[in-house]
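A.B. asks: this one's sequence-less:
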């Protein structure tokens, strides 16, 4: 009889997330699976069960199904989890399990979320481990190791036409390609993890993700493991990450299987165990990843002259109240208020964009127009204020905005894939005092 750990549920917003806790090791380890999962059925796959029990031999291991998959609440296909919501779900699971800090282990598509979590919540992250992961899935002129659009569309089509069978096994576990029992278990695992429509939508969403801008903000001890012959994701993607995460350790292992529990799993696990059992907690973080929001009132000097000091002061106070109400609702943190403008930070870019749009609409009802600019990047905390290039970039983007417009950098747009937020291209710009050129987009809505 298969020994399946008890399944518990954590509340994340209005969604219940299924999770399991196994092992009693000294270090908490959150296992973030790629693509789709089912934490109950996975124990029927002997190779994966052995892999997880080995992890639990030196840790307190936490498994979960992301919303829309496995045993977690199913959601509408157009409401599948963004990276931001996935981070919320991980925090909810950690809270429910009584975990303040944990190491994160991200496999494949689980890697980008772990990168963002480690960069955004370093105070809750002990270490970061990635296996066969990536920061961007698709090819770009400045990222030539990604899949081409044609290759990715081919995989999406295979999901449409072949879901119910062992989809993707030829690149995820080529060494097991002719093992009929493994093929049957893999097909069942996929069916029990997600519907065809959800699998298709999640895969398309994953193709839009780009977390490269977050890599320099990761400050926790990091191990990246990748097999040299990985048929699903080339090792160059892990080399790219290792070059951009401070102090990251890259281990390249022989083999062509993408799934780390297929093939020589002990070679992978030996590296993970050695890394985690020897990792020490670092100093308290002074750098985190965040989305900064700048706003200012359009034509404030002229409006003040038109209305007079008393009426303008009253209107400005109403403006401040409206903006602060939206910051509170969307979990923003007010950093500074200078005259008629706000500087705020968010731990999720989608919330930041929605807050900016909501604040714009609320202020417009008062008879005022604001412009807003957003950028995601790392910043250093200096007492009550912040001051680095990320803030300067956000301010320059805000200055480009038209009255009533919310402008965002490509760093923000790339991180809100699947959120339903639509953008209009405003072209590439050289921002004054900013070394890199940034593509700028206008948020619609």
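C.D. replies: Looks like it came in fine. As the structure is a prediction and not an experimental result, all values here were calculated from the model.
A.B. asks: from here on, contacts and neighbour counts on C-alpha atoms
C.D. replies: Will do.
A.B. asks: Need the contact partners of the helix ranked longest in the chain.
C.D. replies: The single longest helix within the chain, with elements called by DSSP state H, is helix 309-329. Helix 309-329 has contacts (CA atoms under 8 Å, 6 or more residues apart in numbering) with 303, 304, 333, 334, 340, 344, 355, 358, 359, 362, 363, 366.
A.B. asks: Out of the residues you listed, which is nearest to residue 239?
C.D. replies: Checking the contacts of helix 309-329 against residue 239 with CA to CA, the nearest one is residue 344 at 34.0 Å.
A.B. asks: Report the secondary structure state of the closest one.
C.D. replies: strand (DSSP: H, G, I helix; E, B strand; the rest coil).
A.B. asks: burial measure for it, as a count.
C.D. replies: By other CA atoms under 10 Å, the residues close to residue 344 number 21.
A.B. asks: any idea how far residue 315 is from the spatially most distant residue from the centre of the chain?
C.D. replies: Within the chain, residue 308 marks the point farthest from the mean C-alpha position, 47.1 Å out by CA atoms, centre = their mean. Distance from residue 308 to residue 315, counting by CA to CA, to the nearest Å: 11 Å.
A.B. asks: Same question for residue 190.
C.D. replies: 57 Å.
A.B. asks: Compare neighbour counts for those two and give me the winner.
C.D. replies: residue 190 (25 against 18).
A.B. asks: Am I right that the more buried one is in a helix?
C.D. replies: Yes - counting by three-state DSSP, residue 190 is located in a helix.
A.B. asks: That one against residue 37, yeah?
C.D. replies: Yes - look at residue 190 against residue 37 with CA atoms under 8 Å: they come within range, at 7.3 Å.
A.B. asks: shouldn't residue 18 be in contact with residue 6?
C.D. replies: No - with contact defined as CA under 8 Å, residue 18 and residue 6 do not form a contacting pair (10.1 Å).
A.B. asks: The two: who's more crowded?
C.D. replies: Comparing residue 18 with residue 6 by other CA under 10 Å, the one with more neighbours is residue 18, at 25 against 11.
A.B. asks: Which is the succeeding secondary structure element to the strand or helix carrying that one?
C.D. replies: Assessed by DSSP states H and E, residue 18 sits inside strand 15-22. With elements assigned by DSSP H and E, the helix or strand that comes after strand 15-22 is strand 28-32.
A.B. asks: Name the residues that touch that following strand?
C.D. replies: Contact with strand 28-32 is made by 59-64, 99, 101-107, 110-111, 114, as judged by CA under 8 Å, 6+ apart.
A.B. asks: pLDDT averaged over the longest helix of the chain - what is it?
C.D. replies: When pLDDT is averaged over helix 309-329, the result is 92.
A.B. asks: List the buried residues for that helix?
C.D. replies: 312, 315, 316, 319, 320, 322, 323, 324, 325, 326, 327 (16 or more other CA atoms under 10 Å).
A.B. asks: What's the PyMOL line that selects buried ones from the contacts of strand 28-32?
C.D. replies: This is how PyMOL selects the buried members of the contacts of strand 28-32, with burial counted by 16+ other CA under 10 Å:
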select buried, resi 59+60+61+62+63+64+99+101+102+103+104+105+106+107+110+111+114
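A.B. asks: Among the contacts of strand 28-32, name the ones in strands.
C.D. replies: Judged by DSSP state E, the contacts of strand 28-32 include 60, 61, 62, 63, 64, 102, 103, 104, 105, 106, 107 as members of strands.
A.B. asks: for the first one, what are its contacts?
C.D. replies: Yep, that's residue 60 we're talking about. Neighbours of residue 60 in contact, by CA under 8 Å, 6+ apart: 21, 22, 23, 24, 25, 26, 27, 28, 29.
A.B. asks: How much space separates it from residue 54?
C.D. replies: Residue 60 is 11 Å from residue 54, by CA to CA.
A.B. asks: ditto for the fifth one
C.D. replies: Distance of residue 64 to residue 54, computed by CA to CA: 17 Å.
A.B. asks: Repeat that for the second one.
C.D. replies: Distance of residue 61 to residue 54, given as CA to CA: 10 Å.
A.B. asks: now do the third one
C.D. replies: As for residue 62, its distance to residue 54 is 13 Å (criterion: CA to CA).
A.B. asks: Give me the neighbour count for the spatially closest residue to residue 332 that is not a sequence neighbour.
C.D. replies: Nearest residue to residue 332 in three dimensions, chain neighbours excluded: residue 346, at 4.9 Å (CA to CA, 6 or more residues apart in numbering). Around residue 346 there are 23 other residues, counting by other CA under 10 Å.
A.B. asks: which residues sit in contact with residue 346?
C.D. replies: 290, 291, 292, 293, 331, 332, 333, 352.
A.B. asks: next helix or strand past the helix or strand bottoming out on mean pLDDT in the chain?
C.D. replies: Ranked by mean pLDDT, DSSP states H and E, the weakest helix or strand in the chain is strand 385-386, scoring a mean of 46. The helix or strand immediately downstream of strand 385-386 is helix 389-400, counting by DSSP H and E.
A.B. asks: Neighbours of residue 263, how many?
C.D. replies: By the criterion of other CA under 10 Å, residue 263 has 19 neighbours.
A.B. asks: OK, contacts around it?
C.D. replies: 175, 255, 257.
A.B. asks: What separation is there between the residue farthest from the centre of the chain and residue 271?
C.D. replies: From residue 308 to residue 271 the distance is 69 Å (CA to CA).
A.B. asks: Please apply the same query to residue 240.
C.D. replies: 20 Å.
A.B. asks: Break the chain down into its domains, please.
C.D. replies: What automatic domain parsing lists as the domains of the chain is 8-278, 287-444.
A.B. asks: For residue 2, find the nearest of these.
C.D. replies: Nearest to residue 2, of all the domains of the chain, is domain 8-278, at 7.1 Å by CA to CA.
A.B. asks: would you turn the contacts of residue 263 into CSV with neighbour count?
C.D. replies: What follows is the contacts of residue 263, written out as CSV (neighbours: other CA atoms under 10 Å):
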residue, neighbour count
175, 16
255, 18
257, 27
